[in-house]
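1. I'd like to go over a predicted model; first the sequence, then the structure.
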Number of protein chains: 2
Amino acid sequence: MRRDSKLSGVLHVLLHMAQQPGPFTSETLAKAMDTNPVVIRRIMAGLRDLGYVRSEKGHGGGWTLACDLSKVSLRDVYAALGSPPLLAMGNRTEAPGCLVEQAVNAALDQAFRDAEALLLSRLGEVTLAMLGDGLRRRLGSRKLQGISAHQA
Amino acid sequence: MRRDSKLSGVLHVLLHMAQQPGPFTSETLAKAMDTNPVVIRRIMAGLRDLGYVRSEKGHGGGWTLACDLSKVSLRDVYAALGSPPLLAMGNRTEAPGCLVEQAVNAALDQAFRDAEALLLSRLGEVTLAMLGDGLRRRLGSRKLQGISAHQA
DNA sequence: GTCTCATGTAACTTTATATGTTACGTGATC
DNA sequence: GATCACGTAACATATAAAGTTACATGAGAC
């Protein structure tokens, strides 16, 4: 399974947007993320539908934040992406007729459910505003203002 | 990402083997698992290297259990498979230069690590013997002996 | 009104990986 | 030495994430 990085990506975008005002075009964001504008639009679509960001067409258009960052958790963002699978492993067969497989599934499912629940809970505890704080800490330790957050 | 089901698969195999004595050929196991003998050999290789099972060539050969089922946990089996990734999500970039991405990664990594640790811990609590107990419960509720555990 | 810009979205391509399959080598039993 | 069963490399297939192209739609700019 290729590793899904949409959550990581969309958080990166949101945090960049929080650093400065003004609409950002998909192309601008795509450059900062070293990816394609269409990919940006794709991962932002769910956030727009939930009202976390707004998008405007035409001249001067682009993406703008439209939510209180302290009220949106990483779990909310995850949900906005359509709640993709969290675990890389799964059962060979769901609802198997084989009793052996049922026994295996039951044991694994329990562990899987617990892990997923914990992960969701952790994501629910972190808001976008907290991510911003973490970023400011990192910027501060540079002892410089005005330095780009983007640095190869 | 396609979902990895090697753990589920290998547990299924081991539990089947625990139900009756005697070496099982890869082909027999493959039929029971509705897959290919080579796949069986592949997922069993790690277990053999760790001494959980033995394999014999030639006439009357095949796979045999070689461990105390009450001493081997699902976590041990997972490790025998080479500890494949547990989570379906990951960071877009490891060790990024971008401070924004660092802030995002730091937050996600914390949540990811916690979830992985919990999952491993849960897997560590369950032994193969316990899986066998679960199976016997299911068999018992059928109120019949001799009925195949394999039933479409 | 029309030109340009920016999003919206479908369709296609690329890449990664899990799984399935074929082929053949090695060693053990008959 | 014929057959059986594992060991393994090489190749094929399937699925899904991510990248790309193409074009439609709507909003300013002129």
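-> All right, it came through fine. Numbering: from 1, shown residues only, chains lettered A, B, ... in the order given.

2. tell me the confidence at A:G97?
-> Looking at A:G97, its pLDDT reads 83.

3. helix/strand/coil for it?
-> Going by DSSP: H, G, I helix; E, B strand; the rest coil, the secondary structure assigned to A:G97 is coil.

4. give me phi/psi at it?
-> In terms of degrees, to the nearest 10, the main-chain angles of A:G97 are phi -80, psi -30.

5. A:L131 touches A:H16, doesn't it?
-> No. Because the distance of 10.9 Å does not satisfy C-beta atoms under 8 Å, A:L131 is recorded as not touching A:H16. For the C-beta atoms, the positions are set from N, CA and C on the backbone; glycine is no exception.

6. identify each buried residue in the helix or strand encompassing A:A103, please.
-> Following DSSP states H and E, one finds A:A103 within helix A:99-125. If you call a residue buried by 16 or more other C-beta atoms under 10 Å in any protein chain shown, then helix A:99-125 has these buried ones: A:99-105, A:107-108, A:111-112, A:115-116, A:118-120, A:122-123.

7. kindly report the same for stretch A:24-34.
-> Buried residues in stretch A:24-34, counted by 16+ other C-beta under 10 Å: A:24, A:26, A:28-30, A:32-33.

8. and it with DNA strand C, contact?
-> Yes. Contact of stretch A:24-34 with DNA strand C (C-beta under 7 Å from any atom of the strand) involves A:24-27.

9. as a markdown table, those with pLDDT and secondary structure would be great.
-> Rendered in a markdown table, the data for the residues of stretch A:24-34 next to DNA strand C read as follows (pLDDT from 0 to 100; DSSP: H, G, I helix; E, B strand; the rest coil):
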| residue | pLDDT | secondary structure |
| --- | --- | --- |
| A:F24 | 97 | strand |
| A:T25 | 97 | coil |
| A:S26 | 97 | helix |
| A:E27 | 96 | helix |
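
10. helices of chain A, start to end?
-> Counting by DSSP state H, the segments of chain A that form helices are A:6-19, A:26-33, A:37-49, A:74-80, A:99-125, A:128-140.

11. could you dump those into JSON lines with distance to B:A66 added?
-> Shown next, in JSON lines, are the helices of chain A (distance: least, C-beta to C-beta, whole Å):
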{"stretch": "helix A:6-19", "distance to B:A66": "42"}
{"stretch": "helix A:26-33", "distance to B:A66": "51"}
{"stretch": "helix A:37-49", "distance to B:A66": "49"}
{"stretch": "helix A:74-80", "distance to B:A66": "43"}
{"stretch": "helix A:99-125", "distance to B:A66": "20"}
{"stretch": "helix A:128-140", "distance to B:A66": "49"}
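
12. out of those helices, which is closest to B:L50?
-> Each of the helices of chain A has some distance to B:L50 by C-beta to C-beta; the shortest is helix A:99-125, at 19.3 Å.

13. elements contacting that closest one?
-> For helix A:99-125, the helices and strands in contact under the criterion 3 or more C-beta pairs under 8 Å, 6 or more residues apart in numbering or on different chains; DSSP states H and E are helix A:74-80, helix B:6-19, helix B:74-80, helix B:99-125, helix B:128-140.

14. any chance of CSV for those helices, columns distance to DNA strand D?
-> As requested, the helices and strands packed on helix A:99-125 are arranged in CSV below (distance: least, C-beta to the nearest atom of the strand, whole Å):
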stretch, distance to DNA strand D
helix A:74-80, 13
helix B:6-19, 11
helix B:74-80, 13
helix B:99-125, 13
helix B:128-140, 20
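
15. redo the ones you listed as a markdown table? Include distance to A:G62.
-> Output for these, formatted as a markdown table (distance: least, C-beta to C-beta, whole Å):
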| stretch | distance to A:G62 |
| --- | --- |
| helix A:74-80 | 19 |
| helix B:6-19 | 45 |
| helix B:74-80 | 46 |
| helix B:99-125 | 18 |
| helix B:128-140 | 54 |
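
16. between the residues of stretch A:24-34 next to DNA strand C, which sits nearest A:R42?
-> In terms of C-beta to C-beta, no member of the residues of stretch A:24-34 next to DNA strand C lies closer to A:R42 than A:S26, at 9.6 Å.

17. from the residues of stretch A:24-34 next to DNA strand C, which single one is nearest B:R42?
-> Ranked by distance to B:R42 (C-beta to C-beta), those are led by A:S26 at 43.4 Å.

18. residues contacting A:E116?
-> Contact criterion C-beta atoms under 8 Å, 6 or more residues apart in numbering or on different chains gives A:86-87, B:115 as the residues in contact with A:E116.

19. okay if I get the buried residues of stretch A:24-34 as a markdown table plus distance to B:G82?
-> Shown next, in a markdown table, are those (distance: C-beta to C-beta, whole Å):
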| residue | distance to B:G82 |
| --- | --- |
| A:F24 | 42 |
| A:S26 | 40 |
| A:T28 | 42 |
| A:L29 | 37 |
| A:A30 | 36 |
| A:A32 | 36 |
| A:M33 | 32 |
